[in-house]
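[1] what follows is a predicted protein model with its sequence.
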Amino acid sequence: MIRTLISDALKRSDFGADVNIKGWVRTRRGNKNVSFIALNDGSIIHNIQVVVDNEKFGDEFLKPITTGACISVIGKLVESQGKGQNVEIQADKIEIYGTADPETYPLQKKGHTLEFLRDIAHLRPRTNTFGAIFRMRHHMSMAIHNFFHERGFFYFHTPIITGSDCEGAGNMFQVTTMNLYDLKKDENGSIKYDNDFFGKQTSLTVSGQLEGELAAMALGAIYTFGPTFRAENSNTPRHLAEFWMIEPEVAFYEIAENMQLAQDFIQHCVRWALNNCQDDLKFLNEMYDKELIDRLNFVVDNDFVRLTYTEGVKILTEAVANGVKFEFPIDWGTDLQSEHERYLVEKHFKKPVILTDYPKEIKSFYMKQNDDGKTVRAMDVLFPKIGEIIGGSQREEDYDKLKQRAKEMNVPEKDIWWYLDTRRFGTAPHSGFGLGFERLMLFVTGMSNIRDVIPFPRTPHNAEF
């Protein structure tokens, strides 16, 4: 018999039909005459109830069907007599695929802390919480591809192994086939890469942006969506060493069009979550964040405020003068901290904010310089509870200005000669931004730790599983 997903079985009303469901036992309860098995197969947060005539199967057969066991059930779909579900299965045949010893299976029917579940990340997808989160990861991925595909963007695959540091920060994981116990060095003590696989120093990418720009200057509008890596020793609830990034790059877009694209994109993703993940959202709203669904609707229903960095700093310094206390000082020229960003969004405007025109000293070399000589056409999208969720800019299309800025910021020309070439051959205005996928997941799930929205988090001193 063909298997029926539990998500589909719960929608059916053709009572009396024979169905086959398979899944993992969440609980088994009952008395000496009848057992009630709550079965879940991951297709939906809800379980289906299987009603078992104990005499028909025998106690010895049913004994191994405990929490965590995996079974197949063939039975009749019937209208449920109890509360909480419309349908249930009256079991005619049960096959036990795998048992789970109650003494050692860690996911017994009780509350578990998120910290404990991180230690058993190989099993945590079986919980309601992580089943909901990982189903929503799928839906958010679909929302991203849907948004860009419908707007004529091309999905472009940028390299994971690279010889360039896009951000110029140096926090990169090196890739090598050399014997680390016997590294060859030159007369200056520098490592010789002549015999390495690529014949030069290479690393895991921190961003696909630079290569994405090359594609945009030929295909018009592209987006990347893939893993990126930062070797920052940041053990915080907001940082991962391995995470996923979405990075659109668009030819002929200037900063205003880039801001509108960012707003349309993030609203599309949030709307997709509201339309396609209601069961999971209701669970997360009830269990973790009572304001989650209201906050998602808040983002969809409001235009984003647009203001310059200078205007933002003025608002923040006036707030300090009026008694608002921040942990970090604020003045023109400093990078805003999350507390500053959240104040603008949550307290002052009570709307999402797009901040633009940052001081050039705190931004990357590739951002287009404004005529004032002090600021660049950068933009950050700021969200409630999160702070910065998107960072982007209009890119500098002027060859001489870009070359000079790279030199000022110690980005070697030999590493970006190919990037500079796009400004030599048919340059054009273009813009783009980056969204950390896990930051989006934090927002749409209401979770507070980034380790809980990716299946197997990579953080300092942790590469388990």
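    Here it is on my side, so go on. Numbering: from 1, shown residues only.
[2] export the helix or strand containing F36 to CSV, keeping only CA atoms.
    Element membership for F36 (DSSP states H and E) is strand 34-40. Coordinates of each C-alpha in strand 34-40 appear next as CSV, following Å, rounded to 0.1, in the frame of the first residue of the first chain:
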residue,chain,number,x,y,z
VAL,A,34,-6.5,-0.1,24.2
SER,A,35,-3.4,1.9,23.3
PHE,A,36,-3.2,5.4,21.8
ILE,A,37,-0.1,6.1,19.8
ALA,A,38,0.8,9.6,18.8
LEU,A,39,2.7,9.3,15.5
ASN,A,40,4.6,12.0,13.7
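[3] what residues of the following helix or strand past that strand count as buried?
    Sequence-wise, the next helix or strand downstream of strand 34-40 (DSSP H and E) is strand 48-53. Using 16 or more other Cβ atoms under 10 Å as the test for burial, strand 48-53 gives I48, Q49, V50, V51, V52. Where C-beta positions appear, they are placed from N, C-alpha and C, glycine not excepted.
[4] ok, the residues you listed vs G387, which is closest?
    The nearest member of these to G387, counting by Cβ to Cβ, is I48 at 40.8 Å.
[5] distance of the closest one relative to I89?
    I48 is 6 Å from I89, where distance means Cβ to Cβ, to the nearest Å.
[6] over to W332?
    To I89, W332 is 66 Å away according to Cβ to Cβ.
[7] same deal with N179?
    Using Cβ to Cβ, N179 is found at 59 Å from I89.
[8] using the three-state scheme, assign F243.
    The assignment at F243 comes out as strand when based on DSSP: H, G, I helix; E, B strand; the rest coil.
[9] in the protein, which spans are helices?
    6-9, 54-57, 59-62, 114-119, 128-150, 209-219, 255-276, 278-287, 292-301, 309-321, 338-342, 399-408, 413-424, 437-445 (DSSP state H).
[10] remind me what the fourth one packs against, helices and strands.
    Using 3 or more Cβ pairs under 8 Å, 6 or more residues apart in numbering; DSSP states H and E as the contact test, the elements touching helix 114-119 are helix 128-150.
[11] what about the helix it packs on, average pLDDT?
    Averaging pLDDT along helix 128-150 gives 98.
[12] okay, angle between that helix and helix 437-445 too, please.
    Angle of helix 128-150 versus helix 437-445, following axes from the mean of the first three to the mean of the last three Cα atoms, to 10 degrees, is 110 degrees.
[13] quick one: contacts of helix 128-150?
    Helix 128-150 has contacts (Cβ atoms under 8 Å, 6 or more residues apart in numbering) with 40, 42, 45, 114, 117, 124-125, 155, 221, 223, 225, 246, 248, 264-265, 268-269, 272-273, 276-277, 279-281, 283-284, 287-288, 437, 440-441, 444-445, 447, 452-455.
[14] for that helix, buried residues please.
    Neighbour count says helix 128-150 has 128-137, 139-140, 143-144, 147-148 buried, by 16+ other Cβ under 10 Å.
[15] distance of the nearest residue to D452 once chain neighbours are set aside from F283?
    Leaving aside its sequence neighbours, D452 sits nearest to L114 (Cβ to Cβ, 6 or more residues apart in numbering; 5.7 Å). L114 sits 15 Å away from F283 when distances are taken as Cβ to Cβ.
[16] how about E438?
    Going from E438 to F283 by Cβ to Cβ gives 20 Å.
[17] so those two - more neighbours on which side?
    Counting neighbours by other Cβ atoms under 10 Å for E438 and for F283 shows that E438 has the greater number, 23 against 17.
[18] residues in contact with the more buried one?
    L240, F243, W244, I450, V453, I454.
[19] now with 10 Å, please.
    Contact analysis of E438 by Cβ atoms under 10 Å, 6 or more residues apart in numbering lists 137, 238-240, 242-245, 447, 450-454, 457.
[20] between those, which is nearest K407?
    Among the contacts of E438, M245 lies closest to K407 (Cβ to Cβ), at 26.9 Å.
[21] the closest one touches T205, doesn't it?
    Yes: shown here, M245 and T205 form a contact pair, counting by Cβ atoms under 10 Å, at 9.2 Å.
[22] which residues are common contacts for the two?
    Each of T158, T224, G226, P227, T228 lies in contact with both M245 and T205 under the rule Cβ under 10 Å, 6+ apart.
[23] okay if I get these as TSV plus pLDDT, distance to L5 and neighbour count?
    Output for the shared contacts of M245 and T205, formatted as TSV (pLDDT from 0 to 100; distance: Cβ to Cβ, whole Å; neighbours: other Cβ atoms under 10 Å):
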residue	pLDDT	distance to L5	neighbour count
T158	96	36	23
T224	98	32	23
G226	97	29	17
P227	97	29	14
T228	96	34	24
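[24] show me what contacts S43?
    T4, L5, I6, S7, D8, A9, L10, I21, G23, G131, R135.
[25] what's the PyMOL line that selects buried ones from these?
    Buried members of the contacts of S43, defined by 16+ other Cβ under 10 Å, are picked up in PyMOL with:
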select buried, resi 4+6+9+10+21+23+131+135
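[26] can I get the contacts of S43 in TSV with distance to R423?
    TSV is the format used below for those (distance: Cβ to Cβ, whole Å):
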residue	distance to R423
T4	58
L5	53
I6	56
S7	51
D8	54
A9	59
L10	57
I21	60
G23	57
G131	48
R135	44
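[27] out of the contacts of S43, who's nearest G98?
    Scanning those for proximity to G98, where the rule is Cβ to Cβ, the winner is G23, at 11.6 Å.
[28] hmm, that closest one is touching V73, no?
    Yes: the criterion here is Cβ under 10 Å, and G23 meets it with V73 at 8.5 Å.
[29] overlap in contacts, these two.
    With Cβ under 10 Å, 6+ apart as the test, G23 and V73 both reach I37, L39, I48, V50.
[30] correct me, but the second one touches N20?
    No: counting by Cβ under 10 Å, no contact exists between L39 and N20, whose distance comes to 11.8 Å.
[31] who has more neighbours out of the two?
    Each of L39 and N20 has its neighbours counted (other Cβ under 10 Å); L39 has more, 25 against 16.
[32] against E55, how distant is that one?
    Where E55 is concerned, L39 sits at a distance of 21 Å (Cβ to Cβ).
[33] now P159
    64 Å.
[34] what does F153 give?
    For F153, the distance to E55 - Cβ to Cβ - is 62 Å.
[35] more crowded one of these two?
    It is F153, of F153 and E55, that has more neighbours when counted by other Cβ under 10 Å, with 20 against 10.
[36] beta partners of the residue nearest to the more buried one when sequence neighbours are not counted?
    Leaving aside its sequence neighbours, F153 sits nearest to A221 (Cβ to Cβ, 6+ apart; 4.5 Å). Here A221 sits in beta bridges with V250, going by DSSP bridges.
[37] residues in contact with A221?
    By Cβ under 10 Å, 6+ apart, A221 lies in contact with 148, 151-154, 156, 215, 248-253, 261, 430, 432.
[38] what does V51 give?
    V51 neighbours (Cβ under 10 Å, 6+ apart): 30, 34-37, 75-76, 78, 80-82, 88-91.
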